[in-house]
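>>> quick one, structure for this:
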Amino acid sequence: MRITTRRQRKRRIHARIRKKITGTAARPRLAVYRSLKHIYAQVIDDAAGTTLVAAGSCETGIESGGNATGAALVGEKLAERARAAGIETVVFDRGGSRYHGRIKALADAVRNGGVQC
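Numbers count the residues shown, from 1 in each chain. Okay, the predicted model is just below:
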């Protein structure tokens, strides 16, 4: 019987996702990391190995960091920065988390901001 922790399970799921998803210059990867208090998102070009734009709930101007409202504000800020950088479409990488709650709120806010994912 194999006993795994939540962290090990999440890493295994994320590795399985990353086998299928890669960011290119034409369509970079939008990676989301969710901690207990904050949520972070960055748009990454995996071919070049660079982060193009990033946003997080610990930035100034976002008071509600750990809930869906804060995630939506992070998504709006990220979409604004991505459009300013000329990024119109991204591949969404949920980072091993379920597409639910804060992750879904962030993705919807990015879509409403004008970036396809």
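>>> next helix or strand past the least confident helix or strand in the chain by mean pLDDT?
None of the helices or strands of the chain scores lower by mean pLDDT, DSSP states H and E than helix 6-20, at a mean of 91. The first helix or strand that comes after helix 6-20 along the chain, using DSSP states H and E, is strand 29-34.
>>> mind giving me the packing neighbours of that next one?
Packing partners of strand 29-34 (3 or more CB pairs under 8 Å, 6 or more residues apart in numbering; DSSP states H and E): strand 39-45, strand 91-93, helix 102-112. C-beta here means a position set from N, CA and C on the backbone, and glycine is covered the same way.
>>> strand partners (parallel or antiparallel) of that strand?
strand 39-45 (antiparallel), strand 91-93 (parallel) (DSSP bridges).
>>> just the endpoints, please. Distance across stretch 90-108?
Criterion CA to CA, to the nearest Å; first-to-last residue distance in stretch 90-108 is 13 Å.
>>> quick check: mean pLDDT of it?
In this model, stretch 90-108 has a mean pLDDT of 94.
>>> ok, and what's touching it?
Defining contact as CB atoms under 8 Å, 6 or more residues apart in numbering, one finds that stretch 90-108 is touched by 10-14, 17-18, 21-23, 27-34, 39, 41, 43, 67-72, 74-75, 78, 82, 110, 115-117.
>>> leaving out the residues flanking it, which one is nearest to residue 18?
Nearest non-adjacent residue to residue 18, counting by CB to CB, 6 or more residues apart in numbering: residue 93, 7.3 Å away.
>>> in the sheet, who's paired with that neighbour?
residue 31.
>>> how close does the residue nearest the centre of the chain sit to residue 106?
Taking CA atoms, centre = their mean, the centroid of the chain lies closest to residue 32, which sits 2.4 Å from it. According to CB to CB, to the nearest Å, residue 32 and residue 106 sit 6 Å apart.
>>> show me whatever sits in contact with both of the two.
Contacts common to residue 32 and residue 106, judged by CB under 8 Å, 6+ apart, are 39, 41.
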